[in-house]
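Student: Sequence and predicted model, in that order:
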Amino acid sequence: MPSEAPSLTAHPDWLQPQWSQPATGVRAFMSTRAGGASVGPFESMNVGLAVQDDPAAVTANRLRVDQTMGAKAVFLQQVHGSEVVVLNAAHALPDVLDIAPVLRADASVSTTPGLAVAIQVADCLPVLFAAPGGVAGAHAGWRGLAGGVLEHTLATLCREAGCRPGDVQAWLGACIGPEAFEVGVEVLQAFAVPAVAASSEFFSYRPKAAGEARWRADLAGLARQRLQRAGLSAISGGTWCTYSEPSRFFSYRRDRVSGRMVAAICLV
């Protein structure tokens, strides 16, 4: 089982996974707002290119990710789906030359040392996977979770690394917490939860004087349940709320004009 190697230049405020089990040969982190070059609402470690930030600042921030990883971080064009890509050398070609392939997916797998998985978030849940011979990451909002992005990522990782689900451990990064994540009936329906005016395991009913019924959803709890059902027992993290800590985390739901953080992992 892999174990996190010391990071190179990680900012002291960034999150460092505390894996459930000891491991070797993996480097991983999740950035916060600190340690970057962006200003204004994107201050300062925004890695999102599609949020109207200065492209030069985003490029500098992504370079910081590479330097911290000691590897080339491959970003995805995330679409809230369940598609998984397996990274290869072509994905590390320079974006500025327009020769790197555009990856429309919400998860990726790497079995190549020096080629890092990079997942962007600003309320959705990033999940990093470590296994003997491979790593993976998934962007898990409620749509992706309901669509099976975690299960698809795990299956692809096990196939590419030649391991079993029981050999894999997962770390959950920061996401919007259950006290802040208010959802409608369509989210309950996506998870096959009866739409009744009562609470269930991961949905807490919030009465309203008028208008449609609303619930508060536990995104990290839903992810843990799905990972456990898929055969994982080593699951850690998922204790930070992006919405409730504006000085530390970007949050799209809180601010609308918001940067993006990154959760990254690679073999070393």
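Tutor: Looks like it arrived, so ask away. Residues are numbered from 1 along each chain as shown.

Student: what's the residue closest to the geometric middle of this protein?
Tutor: The centre of the chain sits closest to Pro126, judged by C-alpha atoms, centre = their mean, with a distance of 1.6 Å.

Student: Quick check: that residue touching Ala264?
Tutor: No. Judged on C-beta atoms under 8 Å, Pro126 makes no contact with Ala264 at a distance of 9.1 Å. All C-beta atoms are positioned from the backbone trio N, CA, C, and that covers glycine.

Student: Which neighbours do these two have in common?
Tutor: Met30, Ile119, Gly137 (C-beta atoms under 8 Å, 6 or more residues apart in numbering).

Student: for the helix or strand containing Gln67, packing partners?
Tutor: Per DSSP states H and E, Gln67 falls inside helix 55-69. Applying 3 or more C-beta pairs under 8 Å, 6 or more residues apart in numbering; DSSP states H and E, we find helix 55-69 packed against strand 72-74, strand 115-121, strand 261-267.

Student: Pull up the pairing partners for the shortest one, direction included.
Tutor: Yep, that's strand 72-74 we're talking about. In the sheet, strand 72-74 lines up against strand 115-121 (parallel) (DSSP bridges).

Student: angle of the strand it pairs with against strand 261-267?
Tutor: Relative orientation of strand 115-121 and strand 261-267, computed by axes from the mean of the first three to the mean of the last three C-alpha atoms, to 10 degrees: 160 degrees.

Student: Could you identify the helix or strand that succeeds strand 115-121?
Tutor: strand 125-131.

Student: What's the first helix or strand after that next one?
Tutor: Following strand 125-131 toward the C-terminus (DSSP H and E): strand 134-140.

Student: Compute the inter-axis angle for that following strand and strand 115-121.
Tutor: Here strand 134-140 runs at an angle of 10 degrees relative to strand 115-121 (the same axes, to 10 degrees).

Student: Dump the helix or strand following strand 134-140 to CSV, restricted to CA.
Tutor: Following strand 134-140 in sequence order, the next helix or strand is helix 142-147 (DSSP H and E). The C-alpha trace of helix 142-147 is given here as CSV (Å, rounded to 0.1, in the frame of the first residue of the first chain):
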residue,chain,number,x,y,z
TRP,A,142,-24.1,15.1,-6.0
ARG,A,143,-24.6,14.4,-9.7
GLY,A,144,-21.3,12.6,-10.0
LEU,A,145,-21.9,10.6,-6.9
ALA,A,146,-25.3,9.5,-8.0
GLY,A,147,-23.9,8.6,-11.4
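
Student: what about stretch 62-82, start to end distance?
Tutor: End-to-end distance of stretch 62-82 (C-alpha to C-alpha, to the nearest Å): 24 Å.

Student: Report the buried residues of that stretch.
Tutor: 62, 64-66, 68-76, 78, 81-82 (16 or more other C-beta atoms under 10 Å).

Student: between those residues, which is nearest Ala170?
Tutor: Ser82 (16.1 Å; C-beta to C-beta).

Student: gap between the closest one and Pro165?
Tutor: 17 Å (C-beta to C-beta, to the nearest Å).

Student: now the strands for the stretch 151-268 of the chain?
Tutor: 169-172, 182-183, 203-206, 214-217, 234-237, 261-267 (DSSP state E, counting those that start in this stretch).

Student: what angle sits between the helix holding Gln67 and strand 261-267?
Tutor: Relative orientation of helix 55-69 and strand 261-267, computed by the same axes, to 10 degrees: 40 degrees.

Student: which residues sit against helix 55-69?
Tutor: Contacts for helix 55-69 (C-beta under 8 Å, 6+ apart): 7-10, 27, 29, 31, 35-39, 42, 45-49, 72-73, 75, 116, 118, 262, 264, 266.

Student: how far out from the middle of the chain is it?
Tutor: 18 Å (C-alpha atoms, centre = their mean, to the nearest Å).

Student: and it, average pLDDT?
Tutor: Helix 55-69 comes out with an average pLDDT of 96.

Student: can you list the domain ranges for this protein.
Tutor: The record's domain parsing of the chain by automatic domain parsing lists 26-179+219-267, 182-217.

Student: shaky segments in this protein?
Tutor: By pLDDT under 70, the weakly predicted segments of the chain are 1-8, 23, 95-101, 197, 209.
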